[in-house]
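Asker: Prediction below, plus the sequence it came from.
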Amino acid sequence: MATRDTSTIVAAFEKNNLIPVIIQEEGSKQVRMLGYMNLEAYEQTMNSNKICFFSRSKNRLWVKGEESGNYLFWKSCEWDCDNDTILFQVRAVGPTCHTGDVSCFTNQEEFTVRTLEGIIDQRLEAKDEKSYVFSLSQKGVAKVAQKVGEEAVETVIEAMGNDDKLFLNESADLLFHYLMLLKKKGFSLKDIEEVLAQRHQKN
């Protein structure tokens, strides 16, 4: 997290009054929206775990999700080099855009493993009993690990065959359940990347 001392932050808001804020999903790295903060909105955000904007149309502080329940829980905050833009990485609950779309920039990012990781987080947060992700997670680490083992075996079997479509589908199932196992154990892809980076540095 890139921090700034209090005097620097106050000076930044005195210079610009309203500072643009980029909201990015922590897991998928998808940009969710752009908003604005004044000093009061920034301080309220930092003193809570929910993103608070200054609404130019309503001319007041506005906690994202105060009506819809689609809150943005911030995980990290980073100022740019000129102290005139802020990047918040968040855990988003539900869609962010007022249209009902996940992001206000619906076409700005392709579907990636990070996107899938973010979706898993959202399904677990929603606690929907009808969700496969939530229901499997509720069965415990052993059951999730068992599914990873089953999918690994099926992937190996298809790797020995000639049907590329089946192989890719089993590989996708394996990756999906592995991400679930990571989450169930309290980890994410970022933790695996850090391990790989440490190994690379040693070599």
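Answerer: That came in fine, so what should we check first?
Asker: Okay, strands next: where are they in this structure?
Answerer: With DSSP state E as the definition, the chain shows strands at residue ranges 19-25, 31-37, 52-55, 60-63, 72-79, 86-92.
Asker: pLDDT of stretch 67-84, averaged?
Answerer: For stretch 67-84, mean pLDDT rounds to 92.
Asker: And stretch 87-95, by the same measure?
Answerer: Over the span of stretch 87-95, the pLDDT mean works out to 90.
Asker: by contact count, what packs against the helix or strand of the chain with the lowest mean pLDDT?
Answerer: Using mean pLDDT, DSSP states H and E, the weakest-scoring helix or strand in the chain turns out to be helix 113-126, at a mean of 85. Contact here means 3 or more CB pairs under 8 Å, 6 or more residues apart in numbering; DSSP states H and E; on that basis helix 113-126 packs against strand 86-92, helix 132-137, helix 164-184, helix 189-202. No exception for glycine: its C-beta is placed from N, CA and C like everyone else's.
Asker: So the closest residue to Thr115 other than its chain neighbours versus Ala12, what's the distance?
Answerer: Excluding the flanking residues, the one nearest Thr115 by CB to CB, 6 or more residues apart in numbering is Ser28, at 4.2 Å. Using CB to CB, to the nearest Å, one gets 28 Å for the distance from Ser28 to Ala12.
Asker: For the two, indicate the residue with more neighbours.
Answerer: Neighbours per residue, other CB atoms under 10 Å: of Ser28 and Ala12, the larger number sits with Ser28, 24 against 20.
Asker: OK, contacts around the more buried one?
Answerer: Neighbouring residues of Ser28 by CB atoms under 8 Å, 6 or more residues apart in numbering: Glu109, Thr112, Arg114, Thr115, Leu116, Glu117, Gly118, Ile119.
Asker: follow-up on the earlier one: can you tell which of the helices and strands packed on helix 113-126 is closest to Phe105?
Answerer: Proximity to Phe105 (CB to CB) singles out strand 86-92 among those, at 13.3 Å.
Asker: The closest one - which strands sit beside it in the sheet, and in what orientation?
Answerer: According to DSSP bridges, strand 86-92 forms sheet pairs with strand 19-25 (parallel), strand 72-79 (antiparallel).
Asker: Hey, what's the angle from that strand to helix 113-126? Just curious.
Answerer: Orientation check (axes from the mean of the first three to the mean of the last three CA atoms, to 10 degrees): strand 86-92 against helix 113-126 gives 60 degrees.
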